[in-house]
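Trainee: mind looking at a prediction? Sequence and model below.
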Amino acid sequence: MVKELDLELPGGPTLHVYDTGTDGATDRLVVFWHHGTPNIGSPPVPLFPASDRLGIRWVSYDRPGYGGSASVPGRDLASAATYAGHVADALGIGRFAVMGHSGGGSHALACAALLPDRVLAAVSVSGLAPYGAEGLDWFAGMSPSGEASLRAAVAGREAKERHEASAEYDPEMFTPADHAAFDGEWSWFGSVVGPALEGGSGGLIDDDLAYVAPWGCDPAQVTAPVLLMHGGRDRVVPSPHGEWLARHCPRAELRLSSDDGHISVLRSSKEGLDWLRANAK
């Protein structure tokens with residue numbers, strides 16, 4: 001069962017929060033889920049059986065501009081630490097782990113970088129490296145539609161808004177393995193993408209602008225153990241992003257699935273939960 005609540009933060013915004021810790025258990029490992037783009041923050045139902053086995057409590061929130069969370073134009077990735085910290089305080093949570101997929105993986109790493117005394121371990125699946133990262137051709141290997149979308153963000157908010165006004169879904173950004181995952185247990189994405197776009201593309205635009213701006217922190221600041229999971233055939237966030245992060249996060253381990261894409265790599269994410277349980281100490 002997922003409990004939902006609205007949390008008004010000091011000075012705003014109001015965040016819509018999700019919490020599976022409703023059974024009174026106190027020995028569960030709290031894992032903050034950081035969602036991708038464009039998603040709402042509902043925790044990953046396909047991982048619930050594994051999290052029940054491992055004693056994991058999911059906590060998450062809609063990033064500003066999505067679902068029930070008020071928009072905050074100009075937010076950066078570092079804001080994830082501020083939001084997670086406030087949510088944890090409101091729920092009486094001290095230390096926790098973080099996990100995210102796609103852009104959510106980058107937000108999870110930013111959270112870990114800025115909350116070293118609270119974040120026990122981090123898992124980033126298919127996460128982006130910082131824009132302009134030295135030694136990384138940031139756009140190389142992206143699908144044409146994905147590259148065009150992010151280059152519009154580089155050009156600024158007005159250009160990005162114009163791009164989104166005419167952009168259409170491009171199925172070719174995903175591999176055949178990704179489409180098979182969408183047709184299987186990760187059809188769950190249908191329940192988080194649709195609601196994320198019901199109120200327009202504002203959340204997506206704010207996300208993409210943040211991805212091509214300074215994070216507000218450095219991945220090298222992450223002192224907790226980090227697991228990076230990436231598909232070798234990813235057309236959304238190509239695997240060199242994961243490889244770059246592995247070189248720059250001091251305690252990072254990279255698991256590269258050579259035949260997986262952006263979504264199909266999530267079929268291995270249960271192993272990521274096992275890793276979290278073993279390393280979140």
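Mentor: That came in fine, so what should we check first?

Trainee: all strands of the stretch 51-200 of the chain, in order?
Mentor: Under the criterion DSSP state E, counting those that start in this stretch, the stretch 51-200 of the chain contains strands at 56-61, 96-101, 119-125.

Trainee: give the rounded mean pLDDT of the first one.
Mentor: When you say that, I think you mean strand 56-61. The average pLDDT for strand 56-61 rounds to 98.

Trainee: partners of it, with directions?
Mentor: Within its sheet, strand 56-61 is paired with strand 14-19 (antiparallel), strand 29-34 (parallel), according to DSSP bridges.

Trainee: pull the contacting residues for the closest residue to residue 40 other than its chain neighbours.
Mentor: Spatial nearest neighbour of residue 40, excluding adjacent residues (Cβ to Cβ, 6 or more residues apart in numbering): residue 67 at 3.9 Å. Where C-beta positions appear, they are placed from N, C-alpha and C, glycine not excepted. For residue 67, the contacting residues are 16, 40-41, 195-196, 199, by Cβ atoms under 8 Å, 6 or more residues apart in numbering.

Trainee: just the buried residues from these, in PyMOL please.
Mentor: Only the buried entries of the contacts of residue 67 go into this PyMOL selection, using 16 or more other Cβ atoms under 10 Å:
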select buried, resi 16+40+41+195+196
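
Trainee: tell me which of the strands paired with strand 56-61 is the most buried.
Mentor: Of all those, strand 29-34 has the most neighbours on average by mean count of other Cβ atoms under 10 Å, namely a mean of 25.

Trainee: kindly export it (C-alpha atoms) in CSV.
Mentor: Extracted C-alpha coordinates of strand 29-34, given in CSV (Å, rounded to 0.1, in the frame of the first residue of the first chain):
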residue,chain,number,x,y,z
LEU,A,29,15.7,0.3,4.8
VAL,A,30,14.3,3.5,3.4
VAL,A,31,15.1,4.1,-0.3
PHE,A,32,14.2,7.4,-1.9
TRP,A,33,13.1,6.8,-5.5
HIS,A,34,14.0,9.6,-8.0
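
Trainee: can I get the strands of the stretch 51-200 of the chain in CSV including mean neighbour count and distance to residue 168?
Mentor: Output for these, formatted as CSV (neighbours: other Cβ atoms under 10 Å; distance: least, Cβ to Cβ, whole Å):
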stretch, mean neighbour count, distance to residue 168
strand 56-61, 24, 29
strand 96-101, 27, 23
strand 119-125, 27, 26
